[in-house]
Every structure is written in structure tokens, then in C-alpha cells.
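> This is the structure alone, sequence omitted:
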């Protein structure tokens with residue numbers, strides 16, 4: 001049975017295929033290829049959304065429909081492409097090496113589009129991307145996304161500028177949380193915890209016996 005991630009991506013790809021039609025044949029073909037790969041992953045035995053996302057990270061073609069939709073510079077298709085990329089980011093289903101092209105497209109879209117709706121979508125997409133561990137682990141991706149937010153922060157529109165400021169604060173918090181998790185010592189499993197407790201208890205017992213022996217010898 002398809003999981004939530006698979007169903008949502010299928011719906012996004014179906015919309016891109018249907019709407020692209022003959023107007024954007026490259027986008028339509030890319031969506032069809034991604035859809036075929038999606039079905040292959042679904043038939044490959046991925047049981048959870050996490051397993052599914054891990055399999056999608058290995059496929060660069062999954063990002064192509066979103067990238068091509070953003071590059072059309074058509075507000076409607078750009079919004080669809082940004083929504084698709086945001087969904088993949090939300091599930092951490094993108095590899096940083098494949099995402100860099102998308103990062104460049106976001107920067108160009110932020111600088112070249114005067115459509116506030118598109119600019120707000122770009123900020124939403126960046127917010128989602130800056131919560132994906134696979135992307136946060138890449139210095140290049142983080143720099144790309146931060147530069148795009150800063151570019152939108154200098155926008156003349158108060159709505160875009162203020163939203164960019166809020167996005168930047170959220171991204172910084174996400175980075176600190178990611179760094180804290182990465183530097184934290186690994187948690188012990190229940191079995192390791194029990195074993196550690198047994199060793200500690202044994203050491204205490206041995207020390208107690210030694211203390212008793214010394215006390216007996218002194219008497």
C-alpha cells in the first residue's frame with residue numbers, strides 16, 4: 001500500500017504531466033520519467049516514508065520536473081515546481097549533490113521574478129529545504145539558500161522583506177538544532193544501557209567486597 005509520501009508525489013507529478021502538455025514537452029517527459037522511477041521504488045519494497053525517501057535521494061531524475069518547472073519562468077508552473085521541491089524537502093528525499101542546480105534556480109527566480117506570489121513560494125521552499133538533514137549537511141547548499149534569502153530580504157516590498165527576515169531567523173534556528181544533534185553523543189540502545197548498568201553494578205559490588213575484606217583484616 002502506497003504511503004503518504006508516494007501518494008503526494010504521484011499527485012504532483014500527475015499535475016505537472018497533465019498541465020505541461022505540448023506547451024512544455026521537456027517538463028512533461030521529465031515528469032513521466034520521475035513517475036516511472038517512483039513506481040519502481042514503490043515496487044522495490046520500501047515499507048515506510050523514511051525508506052521511500054532514502055530510495056528517492058539516490059535518484060537525480062526525481063528533481064528534474066521541479067527544476068524544469070521553476071525554469072519555465074511561468075508563474076503557475078514555477079509555483080507547481082516549488083511546491084513539488086518543497087514536498088521532497090519536507091521528507092528529506094533529496095540529495096545535496098542533485099539539489100545544487102535547484103538552489104541556483106531559486107536564486108535566479110528570486111532575482112528575476114517580480115511576482116510576490118512566486119517570491120513567497122521560494123521562501124517557503126527554502127524553509128522546507130533548511131529543515132532537511134541531507135541538505136543541511138552540505139555547506140554549499142546552505143550558502144546557496146542563505147544568499148537567496150538575503151537577496152529577498154533586500155526586496156523593496158515590505159511583505160517579501162519581512163517574510164525573508166522571518167525565514168532567515170527560522171533557518172538559523174534550524175542550523176543550530178542540526179549542529180546540536182550532530183555533536184550530541186549517540187544514545188545507548190536499551191540493551192547497551194542494561195549492559196552498562198550491569199557493568200557499573202558489578203564494579204560497585206567488587207569495591208564493596210574489597211572494603212569488607214580490608215575492614216575484616218584490620219580487626
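Perfect, I can see it now. Keep in mind it's a predicted model, so treat the numbers as computed, not measured.
> can you pull out the helices in this protein?
With DSSP state H as the definition, the chain shows helices at residue ranges 4-20, 25-43, 49-57, 64-71, 75-90, 96-112, 116-129, 133-136, 139-153, 158-183, 190-218.
> Pick the most deeply packed of those.
By mean neighbour count, with neighbours taken as mean count of other C-beta atoms under 10 Å, helix 64-71 ranks first of those at a mean of 25. (Glycine included, C-beta is placed from N, CA and C.)
> other SSEs contacting that helix?
Of the remaining helices and strands, those touching helix 64-71 by 3 or more C-beta pairs under 8 Å, 6 or more residues apart in numbering; DSSP states H and E are helix 4-20, helix 25-43, helix 75-90, helix 96-112.
> possible to save the ones you listed as a markdown table with distance to residue 122?
Listed next are these as a markdown table, based on distance: least, C-beta to C-beta, whole Å:
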| stretch | distance to residue 122 |
| --- | --- |
| helix 4-20 | 17 |
| helix 25-43 | 18 |
| helix 75-90 | 6 |
| helix 96-112 | 5 |
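> Let's have the ones you listed in a markdown table, adding mean pLDDT.
As requested, the helices and strands packed on helix 64-71 are exported to a markdown table (pLDDT from 0 to 100):
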| stretch | mean pLDDT |
| --- | --- |
| helix 4-20 | 92 |
| helix 25-43 | 91 |
| helix 75-90 | 93 |
| helix 96-112 | 87 |
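> Ok, which of those helices comes nearest residue 67?
helix 96-112 (5.4 Å; C-beta to C-beta).
> My guess is residue 159 contacts residue 117. True?
No - Residue 159 lies out of contact with residue 117 (C-beta atoms under 8 Å); the separation is 10.5 Å.
> Residues touching stretch 54-62, excluding its own?
30, 33-34, 37-38, 41, 44, 46, 88, 92-95, 97-98, 134 (C-beta atoms under 8 Å, 6 or more residues apart in numbering).
> Can you get me the start-to-end distance on that stretch?
Stretch 54-62 has its terminal residues 12 Å apart, counting by C-alpha to C-alpha, to the nearest Å.
> how distant is it from the center of its chain?
Remark: stretch 54-62 is offset 12 Å from the chain centroid, using C-alpha atoms, centre = their mean, to the nearest Å.
> related to what we said a few turns ago, which single one of the contacts of stretch 54-62 is nearest to residue 123?
residue 88 (16.9 Å).
> you'd agree that closest one is up against residue 67?
No - applying C-beta under 8 Å, one finds residue 88 not in contact with residue 67, separated by 11.2 Å.
> mind listing what the residue positioned nearest the centre of the chain touches?
Centroid-nearest residue in the chain: residue 132, 2.4 Å away (criterion: C-alpha atoms, centre = their mean). Neighbour list for residue 132: 89, 90, 92, 94 [criterion: C-beta under 8 Å, 6+ apart].
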